[in-house]
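Asks: requesting a structural model of the entry that follows:
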Amino acid sequence: MATFPPYPTHPPHPGSPAGGALGHAHWWQRRSVRYGALCTLLALSGLVILAMVREQTGTEGFLVGLGLAVLPVPLLLAAFRWLDRVAPGPWRNLLFAFAWGACAAALIAIVANSFATKWIATATADPSSADTLGATVIAPIVEESSKAAAVLLVFLFRRRDFTGIVDGVVIAGVTATGFAFTENILYLGTAFGTDQLTGDRGIASVTAATFFVRIIMSPFAHPLFTVLTGIGFGIAALSAERQHLRRVLVPLCGLLLAMSMHAIWNGSSNFGEYGFFAVYAAFMVPAFGLLTWLVIWTRQRELRTVREELPAYAVAGWLTPAEPYALGSMRARRLAREHAAHHLGKPAARAVAQYEAYATSLAFLRHRGRRGRAGADFVVRERELLHELWRRREVARPALDHAARMTAPPTPVTAPPWPVYGAYGYPAVPNPAYNPYRS
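Replies: Next up is the predicted model:
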């Protein structure tokens, strides 16, 4: 419930005791040190994975694989960004997720898969069975675990940005997109090298077949698997802090489902001549359709939450009466940004976009608080969000009011069967001489 007065409440000054509690933190606890260590780790992983892929495919194969593997990436990233439009997360989270998938997760997968397959082949003296076991058992476990690590890190260290199922889906999907990008470079580059040795060209080449299977038919395969893990973490984010068992078991169940689906997909080539197409039509496509419906439904539910939770702040004077409706409509939000950009310029449009994001976070925070799922910092976080809204109100309010008027549904008006003065053509002041029944 909004109980603060309708004026901004400023956060503590950095020099105050409340704001300077972390002033004497150890050097390894500083944000710059953590960011530097993380960037260094990802950069080193990227250099190592680049060298390994280039060594396996050759320079020409690497360039061909890179050019073909990049094709589905913009489409997949745009799809996940569209899902995240209601409450867009920071770009740094998405950059981290993609870099982790393309560099760290891919490196872990290549090293671990290769080591495990060689060990099984040596232990069993059966290289063929080792390859099958590696593809259907080892690879799903290693790859899904390495991708899930990115989701776990964002969940643990960016909890304010990780508030529900959509956030889990987006982080997991972007991580898997980065992983698939690197893996596709390896597969397509290797296929091109094979064609160079055999002299195959055109549609009959291994490169064309690999491109058709991995880029045309199943660019969503890796994102589809890892999204199950993201949904598990999203449900955990919606759970109350006291539900410790649920917050642990649900992400694990999502990870196990992702591994199982990945194993079925990798093992489809062992199900007979048409096993791949059977699994694709009977399993992958329905699963993709179901998960697509789920995330779109969740997106609509987020908009409904905004419309239902923000009126309390309008009653308290923090928002205008029209803002909850406008903020709960993606079309109205877009019109508000366009209106601000047209009249005040791009900085005003950015301020309106920030206002929309803060208001959405405020609605989600209140929704969790009403359900007993908010953290101990609920009051502090609510105060911060209200302060950010108040700072941008002069620019955002007129734009949102304009958008609300432009998108408000028309109200049907039906003329009553009796005379009404002042409407429908009747005089505003009753005329004693007027008799509707006089001939």
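Asks: would you map the helices across the stretch 251-400 of the chain?
Replies: 275-279, 285-309, 311-315, 323-327, 330-344, 346-370, 378-391, 393-407 (DSSP state H, counting those that start in this stretch).
Asks: go through these and pick out the most buried.
Replies: The highest mean neighbour count among the helices of the stretch 251-400 of the chain, using mean count of other C-beta atoms under 10 Å, belongs to helix 323-327: a mean of 26. Yep, even glycine has a C-beta here, placed from its N, CA and C like the rest.
Asks: what's that one packed up against?
Replies: For helix 323-327, the elements it packs on are helix 285-309, helix 311-315, helix 330-344, helix 346-370, helix 393-407, judged by 3 or more C-beta pairs under 8 Å, 6 or more residues apart in numbering; DSSP states H and E.
Asks: JSON lines for the ones you listed, including mean pLDDT and distance to Gly168?
Replies: Output for the helices and strands packed on helix 323-327, formatted as JSON lines (pLDDT from 0 to 100; distance: least, C-beta to C-beta, whole Å):
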{"stretch": "helix 285-309", "mean pLDDT": "91", "distance to Gly168": "10"}
{"stretch": "helix 311-315", "mean pLDDT": "92", "distance to Gly168": "27"}
{"stretch": "helix 330-344", "mean pLDDT": "93", "distance to Gly168": "21"}
{"stretch": "helix 346-370", "mean pLDDT": "92", "distance to Gly168": "14"}
{"stretch": "helix 393-407", "mean pLDDT": "91", "distance to Gly168": "29"}
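Asks: can you pull the phi/psi pair for the most centrally placed residue in the chain?
Replies: The C-alpha lying nearest the average C-alpha coordinate of the chain belongs to Val170 (C-alpha atoms, centre = their mean; 2.1 Å). Val170 adopts backbone torsions of phi -70, psi -50, taken as degrees, to the nearest 10.
Asks: I'd like to know which of the helices of the stretch 251-400 of the chain lies nearest to Ala208.
Replies: With C-beta to C-beta as the criterion, Ala208 lies closest to helix 275-279 of those, at 16.3 Å.
Asks: okay, now the unreliable bits of the stretch 1-150 of the chain?
Replies: For the stretch 1-150 of the chain, residues meeting the criterion pLDDT under 70 lie at 1-29.
Asks: make it 80
Replies: Applying pLDDT under 80 to the stretch 1-150 of the chain picks out residues 1-32, 34, 124-129.
Asks: pull out the buried positions in stretch 158-174.
Replies: Within stretch 158-174, the residues that count as buried by 16 or more other C-beta atoms under 10 Å are 158, 161-174.
Asks: ok, now stretch 206-215?
Replies: Of the residues in stretch 206-215, those buried (16+ other C-beta under 10 Å) are Val206, Thr207, Thr210, Phe211, Arg214, Ile215.
Asks: I'd like to check what contacts it. Which residues are they?
Replies: 64, 68-69, 71-72, 184, 187-188, 191-192, 194-195, 198, 200, 202, 276 (C-beta atoms under 8 Å, 6 or more residues apart in numbering).
Asks: now do the helix or strand hosting Arg92: distance to the chain's middle.
Replies: According to DSSP states H and E, Arg92 maps onto helix 91-99. The chain centroid and the centroid of helix 91-99 are separated by 11 Å under C-alpha atoms, centre = their mean, to the nearest Å.
Asks: counting contacts, what elements does the helix or strand following it pack onto?
Replies: Per DSSP H and E, the first helix or strand lying C-terminal to helix 91-99 is helix 106-124. In terms of contacts (3+ C-beta pairs under 8 Å, 6+ apart), helix 106-124 is packed against helix 31-69, helix 127-133, helix 139-157, helix 165-198.
Asks: who are the packing partners of the longest one?
Replies: It stands for helix 31-69. Judged by 3+ C-beta pairs under 8 Å, 6+ apart, helix 31-69 is in contact with helix 91-99, helix 106-124, helix 165-198, helix 206-211.
Asks: any idea of the angle the longest one forms with helix 285-309?
Replies: So that's helix 165-198. With axes from the mean of the first three to the mean of the last three C-alpha atoms, to 10 degrees defining the directions, helix 165-198 sits at 150 degrees from helix 285-309.
Asks: and the two most separated of the buried residues of stretch 206-215?
Replies: Greatest spatial distance among the buried residues of stretch 206-215 (C-beta to C-beta): Val206 and Ile215, at 13.8 Å.
Asks: circling back to that earlier point, save the helices of the stretch 251-400 of the chain as a markdown table, and put in distance to Leu107 too.
Replies: Listed next are these as a markdown table, based on distance: least, C-beta to C-beta, whole Å:
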| stretch | distance to Leu107 |
| --- | --- |
| helix 275-279 | 28 |
| helix 285-309 | 28 |
| helix 311-315 | 47 |
| helix 323-327 | 42 |
| helix 330-344 | 38 |
| helix 346-370 | 34 |
| helix 378-391 | 37 |
| helix 393-407 | 44 |
